[in-house]
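In: I'd like to go over a predicted model; first the sequence, then the structure.
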Amino acid sequence: MIKMMGIFLLLSASFLQADVNRFEAFVAEQISETEPPSASFAVLKGSEIIYESSFGYNDIEKKEMSSIESIYHVFSLTKILTATVMMQLVAEERVSLSADIRNFFPRLRAKYDEHNATITVLNLLNHSSGITDRSGDYRYMFDDNYYAYMLSQKEELEEYIDLPYLPGSEAKYSSAEYVLLGKIMEKVTGKPFAELVRTRVLEPAKMKRSGFDYRQEMLEDQVYGTVKYFSIVGFAMRMFMEDSWRDRYDGTTLWLKQFDVRWQPAGGLVSSIHDMALFLQAYRNGAFFDAETEKIFLHTPSVKVNQTFSAYDDVRFGIGWYQLTNDNNFFLQHQGLGPGYRTIMRIYPEEDLSFVILTSQTETDIDHWADQLFENFKARAL
């Protein structure tokens, strides 16, 4: 039997009940005690939280029910927080979107088609720099690593990055770009990345159960991630999973316990669904930046994503967010995917509707879940 806990805020139960019933019936068809073990949802109309709910278990072996305070890895949803802090620094004129990143990394030199190429801060933010994730090995790339010598100041260490396209001409998703953005923030402010996010995002939004490691009070509510052992995605995840992350294997599923992600700016945040709802609330009500900065953030001309196959009619990258069009619906989106977890966050500007979904299984069909949630709640946006 599915365990669930729901909290319905601001609108009366009767006003939302039909939509809630339809969506929860869909979730009940999808979820079981192990596939995924837990899933949490938050929906906002404008800056008002209208629905929060959590289904399943933090750890099915211990029969610990999940709640809206349960702690998940959100993985690449972290990039939106990273972009938020960078846009604050842009508004303060401490960083320019047009700045050449060699201003911060003198040894990082790039070329395209045998010619020198300039990469800007904006190119990093909208994934149009051409800097890619190397071989999919995150530990190698972000630790003793691919770019380490380029970020040093040692004169004898020089090498070019060969770019696959001219910066700004197209976009391709890369976590490495956001690792570099985090380093730029640290250079400009003289403060650690995690402290910048805490003081500039988490505290203003009152996100008390979020951070880049598990504080003691968060441990009892950690959600154990799961990877289906014989799936293609599961195989890929295991390639860069550290042994210390593994808790147990039950014959079909690998369970992951508490772990920290070192590439913080690209995907290191742990958070609850309620805190992520508070982030969207602050994001939508102007708590992070003024209207002009928000306009730049959300409406800077996007860059076309060069991809042959896509489920969407049009795919572009703006600052931080994918800009997607599908069946005449335009929305902003970011997903998170990493060992044990799959997450998604969307904003529908025309409907003034936004939501977050956090799940504890890598293989969750998160796009389908998000589409279903939108279909069941969009009537409330009209």
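Out: Structure's in. What do you need?
In: Could you tell me how many residues sit around Asn285?
Out: For Asn285, the number of neighbouring residues by other Cβ atoms under 10 Å comes to 13. C-beta here means a position set from N, CA and C on the backbone, and glycine is covered the same way.
In: Could you do Glu92 as well?
Out: 12.
In: Next one: it, what pLDDT does it get?
Out: Note for Glu92: predicted pLDDT of 96.
In: One more: Met4?
Out: 47.
In: likewise Pro204?
Out: The per-residue pLDDT reported for Pro204 equals 97.
In: my guess is it meets Ala287, correct?
Out: Yes. With contacts defined as Cβ atoms under 8 Å, Pro204 counts as touching Ala287 at a distance of 5.3 Å.
In: Now for these two: what residues contact both?
Out: With Cβ atoms under 8 Å, 6 or more residues apart in numbering applied, the contact sets of Pro204 and Ala287 do not overlap.
In: Who are the contact partners of the closest residue to Trp245 other than its chain neighbours?
Out: Nearest residue to Trp245 in three dimensions, chain neighbours excluded: Phe259, at 4.1 Å (Cβ to Cβ, 6 or more residues apart in numbering). When contacts are counted by Cβ under 8 Å, 6+ apart, Phe259 is found next to Glu242, Ser244, Trp245.
In: what do you get for Asp221?
Out: For Asp221, counting by Cβ under 8 Å, 6+ apart, the contacting residues are Asn58, Ser67, Glu69, Ser70, Ile71, Arg209, Ser272.
In: try it again with 7 Å
Out: With contact set as Cβ atoms under 7 Å, 6 or more residues apart in numbering, Asp221 has these partners: Asn58, Glu69, Ser70, Ile71.
In: Ok, Lys111 next?
Out: Lys111 makes contacts with Ala117, Tyr160, Asp162, Leu163, as judged by Cβ under 7 Å, 6+ apart.
In: which among those residues end up buried?
Out: Taking 16 or more other Cβ atoms under 10 Å as the criterion, what is buried in these is Ala117, Leu163.
In: can you redo the contacts of Lys111 as a markdown table with secondary structure, distance to Val223 and pLDDT?
Out: A markdown table is the format used below for the contacts of Lys111 (DSSP: H, G, I helix; E, B strand; the rest coil; distance: Cβ to Cβ, whole Å; pLDDT from 0 to 100):
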| residue | secondary structure | distance to Val223 | pLDDT |
| --- | --- | --- | --- |
| Ala117 | strand | 42 | 93 |
| Tyr160 | strand | 43 | 70 |
| Asp162 | strand | 41 | 85 |
| Leu163 | coil | 39 | 90 |
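In: Give the lowest-confidence helix or strand of this structure, using mean pLDDT as the measure.
Out: Each helix and strand of the chain was given a mean pLDDT (mean pLDDT, DSSP states H and E); the minimum falls on helix 138-142 at a mean of 38.
In: Provide the secondary structure category for the residue nearest to the spatial centre of the chain.
Out: To find the centre residue of the chain, average its C-alpha atoms and take the closest one (Cα atoms, centre = their mean): that gives Leu77, at 1.1 Å. When the structure is reduced to helix, strand and coil (DSSP: H, G, I helix; E, B strand; the rest coil), Leu77 reads as helix.
In: Same check on Leu181?
Out: Reducing the assignment at Leu181 to three states with three-state DSSP gives helix.
In: Which residue, neighbours along the chain excluded, lies closest to Ala282?
Out: Counting by Cβ to Cβ, 6+ apart, Ala205 is the residue found nearest to Ala282 once chain neighbours are left out, at 3.8 Å.
In: Pull the contacting residues for the one you found.
Out: The contact partners of Ala205, by Cβ under 7 Å, 6+ apart, come to Leu278, Phe279, Ala282, Ala287.
In: Perfect, I'm done here.
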